[in-house]
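K.L.:
here is the input, now give the coordinates:
(2 chains)
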Amino acid sequence: MKETNQHIILKTENLSIGYKTKKEETTIATNINIALKKGELIGLVGGNGIGKSTLLRTLTQVQPKLSGALYLNEKPLEDYANMDLAKAMSLVLTETIASKNLSVFELVALGRQPYTNWVGNLSEEDISEVNRAITQTNIENLKHKKCFELSDGQLQKVMIARALAQDTDLIILDEPTTHLDMYHKVYILKLLQKLVKETGKTILFSSHEIDLAIQLCDTMIVMTKTEVTSDSPCHLIQQGTFNTLFPEDLITFDATTGSFRVKK
Amino acid sequence: MSETNTYKGSFILLILTLVVCFFANISLGSVSIPLKEIFNSLVGASSNASWQYIIVDYRLPKAVTAILVGSGLGISGLLMQTLFRNPLAGPFVLGITSGASLGVALVILGGGLFGGIFASLLISKWTIVIAASLGSFLVLLAVLIVSSRVKDTMAILIIGLMFGSITSAVVSVLSYFSSAEQLQQYIFWGFGSLGNLSWNEVFIFFVIYCFGILLSILAIKGLNTLLLGENYAKSLGLNIKRSRIIIILATSLLAGTITAFTGPIAFIGLAVPHLTRQIFNTSNHKILLPAVFLFGAIVMLICDSIAQLPTSDYTLPINAITSLIGAPVVIWLLVRKRKMVF
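P.N.:
Numbers count the residues shown, from 1 in each chain, chains lettered A, B, ... in the order given. From the prediction side, this is the model:
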């Protein structure tokens, strides 16, 4: 037990998530026990409104947890100062960036902010980290373009490069494949898989591409109304977890192909 | 660094332009003074005592004021546009000018209304400066308290506008009860004026201005991070609230002092950052901040030179000139480039 613990980057114990206002507490999910291991690609799936975003926001300390415990590298998440958290966890969000007048290089270089001096000058090391992130995501040809010139797929690669440049053990992506065509959905997820293998980082992403996630992820977290399960895609299929994901009136899960079928 | 080097040529050109504009500004005025005498006056060796006086005690402080006002307003406009991610933001969205206007209105117009204490006060230049400073300071204080409580930066923008509405409403009520003479005095303050400052006043102006600029420089890294949006900025370890307060404080110091000493000067704060972004085509504040400083100073010096209507006895209100000259330039730039860089 002790040995496996060392490889765990992020761990939750009986975590409850939801919203708290002065008057009431809205619980979205309870009893969440997940552990993200080092060097794994983890997919988070679940229907609309089931609480994927709330879970990600809680894991990234954008909103406070309701109860339970949350450890990042065995240290409680709430003990992290902003700057330490920035060096341990980087994000790719669904929101568009405020200024698209930045060049690709400048945007990726902003990932180095936690390491740069008070005015944000890049050191030799920062520049080589930025270039490495650009190479790893295959965007060398875009390096000097402005962000408003990029397609959605290209911009997503740039945002991933920015997260890589931040040099953290854990990268969390919120629905990185939305707005992308079939080819680019696969491209982005394959890229994440490649990055996990090459860099040994842990990458967690939420997605609606369940069949792709089944094929590519090491571990999947499945959120349903009743519980949050986390296991390898194979085990989850055997246990029939995916059958409980959606109401059964329209689609069913086909265990042999690992994909959903429309009911005829 | 390489990114700064590519702009080196442009910066040298801008600095030269600034120097030329500075001397042009000093040499132009209602009294024409030969160029040689201008230089003599500057080093204190002019044969004509009144020329010497005009140059050293009138035109020189006015030119220095123009540089401080132009650069200060430009930089505070830049800070506001980045903080609020809104191209329409300017130094005055926080209600700072409205606060200053209210202070001045209370002194000039309120005299009749409140009688007694106010009427007995001599409405000197310092009274107005102090009233404007107090007015903008109180609004700043309100904005700071609010901004430490609200989570959403956009809410601060709306709250600033609301403060503006409240103060202008109070000014309207005061105007209604004022005499024509008082109204005229108030309106003249609203025209803005660079030329009424003595060296003493310029010095105090400069000291506060330096604090504002210093804070702006400290904010550069945060401003660049904010280009990604607040959530990304937070994930990069930026303390959003602290950056927000530094930015608001810098803007208030700059815009507040400028309004207090020279009256509300329109347009520069909104237009100069756009002008700079169009020409330098970057969003990096390490480049933008010094560039906006230079552009702001140059534009203000040019506007002031034109407002003087050289060789004539008239001086046009500076507030009108900044918009008359500046707005077409920005329109032309946007139409020519067909694309808004922000």
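K.L.:
residues near the residue of chain B found nearest chain A, how many?
P.N.:
Proximity of chain B to chain A (C-beta to the nearest C-beta) peaks at B:Gly237, 3.1 Å away. Where you see a C-beta, it was placed from the backbone N, CA and C, and this is true even at glycine. For B:Gly237, the number of neighbouring residues by other C-beta atoms under 10 Å in any protein chain shown comes to 19.
K.L.:
tell me which element the nearest residue to it once chain neighbours are set aside is part of?
P.N.:
Once flanking residues are discounted, B:Gly237 sits nearest to A:Ala86: 3.1 Å by C-beta to C-beta, 6 or more residues apart in numbering or on different chains. Assessed by DSSP states H and E, A:Ala86 sits inside helix A:82-88.
K.L.:
ok, then the element right after that helix?
P.N.:
strand A:89-92.
K.L.:
same for that following strand, what does it pack against?
P.N.:
helix A:152-165, strand A:170-173, helix B:230-235 (3 or more C-beta pairs under 8 Å, 6 or more residues apart in numbering or on different chains; DSSP states H and E).
K.L.:
mind putting these into CSV with mean neighbour count, distance to A:Ile9 and mean pLDDT?
P.N.:
Output for these, formatted as CSV (neighbours: other C-beta atoms under 10 Å in any protein chain shown; distance: least, C-beta to C-beta, whole Å; pLDDT from 0 to 100):
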stretch, mean neighbour count, distance to A:Ile9, mean pLDDT
helix A:152-165, 23, 15, 95
strand A:170-173, 24, 5, 96
helix B:230-235, 22, 16, 92
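K.L.:
dump these to a markdown table, plus distance to A:Gln63.
P.N.:
Shown next, in a markdown table, are those (distance: least, C-beta to C-beta, whole Å):
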| stretch | distance to A:Gln63 |
| --- | --- |
| helix A:152-165 | 20 |
| strand A:170-173 | 14 |
| helix B:230-235 | 11 |
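K.L.:
just for chain A, where's the confidence low?
P.N.:
For chain A, the stretches flagged by pLDDT under 70 are A:1-6.
K.L.:
count of neighbours near the nearest residue to A:Phe242 once chain neighbours are set aside?
P.N.:
In space, and not counting its chain neighbours, A:Phe242 is closest to A:Phe253: 4.2 Å by C-beta to C-beta, 6+ apart. Neighbour count for A:Phe253, taken as other C-beta under 10 Å: 21.
K.L.:
quick one: A:Phe253 is in a strand?
P.N.:
Yes - with DSSP: H, G, I helix; E, B strand; the rest coil as the criterion, A:Phe253 is part of a strand.
K.L.:
show me which residues of the stretch 201-342 of chain B sit near chain A.
P.N.:
Neighbours of chain A within the stretch 201-342 of chain B, by C-beta under 8 Å from any C-beta of the partner chain: B:217-218, B:220-221, B:224-229, B:231-232, B:234-239, B:277, B:281-284, B:286, B:341-342.
K.L.:
how close does the residue of the stretch 151-264 of chain A found nearest chain B sit to A:Met83?
P.N.:
For the stretch 151-264 of chain A and chain B, the shortest gap (C-beta to the nearest C-beta) falls at A:Gln166, measuring 7.2 Å. Separation of A:Gln166 from A:Met83 (C-beta to C-beta, to the nearest Å): 12 Å.
K.L.:
what do these two both touch?
P.N.:
Common contact partners of A:Gln166 and A:Met83 (C-beta atoms under 8 Å, 6 or more residues apart in numbering or on different chains): A:Pro114.
K.L.:
what's around whichever residue of chain A sits closest to chain B, how many residues?
P.N.:
When distances are taken as C-beta to the nearest C-beta, chain A reaches nearest to chain B at A:Ala86, 3.1 Å away. A:Ala86 has 23 neighbours, counted by other C-beta under 10 Å.
K.L.:
give me the outermost residue of chain B relative to its centroid.
P.N.:
For chain B, the largest distance from the centre (C-alpha atoms, centre = their mean) belongs to B:Ser47, which lies 36.2 Å off.
K.L.:
that one contacts B:Asn40, correct?
P.N.:
Yes - in this structure, B:Ser47 is within contact of B:Asn40 by C-beta atoms under 8 Å, at 7.4 Å.
K.L.:
longest helix of chain A?
P.N.:
Longest helix in chain A, counting residues (DSSP state H): helix A:182-199.
K.L.:
give the next helix or strand downstream of that one.
P.N.:
Later in the chain than helix A:182-199, the nearest helix or strand by DSSP H and E is strand A:202-206.
K.L.:
is that following strand anywhere near chain B?
P.N.:
No - shown here: strand A:202-206 not in contact with chain B (C-beta under 8 Å from any C-beta), separated by at least 13.9 Å.
K.L.:
buried set for that strand?
P.N.:
A:Thr202, A:Ile203, A:Leu204, A:Phe205, A:Ser206 (16 or more other C-beta atoms under 10 Å in any protein chain shown).
K.L.:
may I have the strands that pair with it, each with its orientation?
P.N.:
strand A:41-46 (parallel), strand A:170-173 (parallel) (DSSP bridges).
K.L.:
got the angle for that strand vs helix A:182-199?
P.N.:
160 degrees (axes from the mean of the first three to the mean of the last three C-alpha atoms, to 10 degrees).
K.L.:
against which helices or strands is the helix or strand that strand A:202-206 is followed by packed?
P.N.:
Note on strand A:202-206: by DSSP H and E, the next helix or strand toward the C-terminus is helix A:210-216. Applying 3+ C-beta pairs under 8 Å, 6+ apart, one finds that helix A:210-216 makes contact with strand A:41-46, helix A:182-199, helix A:233-239, strand A:259-262.
K.L.:
got the contact list for helix A:210-216?
P.N.:
The contact list for helix A:210-216 (C-beta under 8 Å, 6+ apart) reads A:41, A:43, A:45, A:177, A:185-186, A:189-190, A:192-193, A:207, A:220, A:233, A:237, A:242, A:245, A:258-260.
K.L.:
buried ones only from these, please, as a ChimeraX command.
P.N.:
Filtering the contacts of helix A:210-216 down to the buried ones (16+ other C-beta under 10 Å) takes a single ChimeraX command:
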select /A:41,43,45,177,185,186,189,192,193,207,220,233,237,242,245,258,260
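K.L.:
helices or strands next to the strand or helix carrying A:Leu55 in the packing?
P.N.:
Element membership of A:Leu55, judged by DSSP H and E, is helix A:52-59. Packing contacts for helix A:52-59, counted by 3+ C-beta pairs under 8 Å, 6+ apart, involve strand A:8-20, strand A:25-32, strand A:41-46, strand A:202-206.
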